[in-house]
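# Coordinates only, no sequence provided:
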């Protein structure tokens, strides 16, 4: 299992996840760790970062599953 630590905008996270999927096999074992640096932020910033992390992870996962023709059972 590989873990990525980041706190960026959703589009940046999606780009980073797609790059990671290309070089970290198997990509199904790629995890997003939303905790990196969040404890130093105000709650409103933390909430935005967490929402962006979840949205980026979902978008990237859905794209990956469609490309590999895999059914997502976690929807």
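Looks like it came in fine. Just so it is clear, the structure is predicted and the values come from calculations on it, not from any experiment.

# Pretty sure residue 58 sits in a helix.
Yes. Counting by DSSP: H, G, I helix; E, B strand; the rest coil, residue 58 falls inside a helix.

# Next one: it relative to residue 39, how far apart?
Here residue 58 is placed at a distance of 24 Å from residue 39 (Cβ to Cβ, to the nearest Å). Using the backbone N, CA and C atoms, a C-beta is placed for each residue, glycine as well.

# Can you pick out the residue with more neighbours from the two?
For residue 58 and residue 39, the more surrounded residue by other Cβ atoms under 10 Å is residue 58, and the numbers stand at 14 against 7.

# Provide a list of residues in contact with that one.
By Cβ atoms under 8 Å, 6 or more residues apart in numbering, no residues touch residue 58.

# which one is the spatially most central residue of the chain nearest to, not counting chain neighbours?
The chain has residue 57 as the residue nearest its centroid, 3.2 Å off, counting by Cα atoms, centre = their mean. Excluding the flanking residues, the one nearest residue 57 by Cβ to Cβ, 6 or more residues apart in numbering is residue 32, at 4.7 Å.
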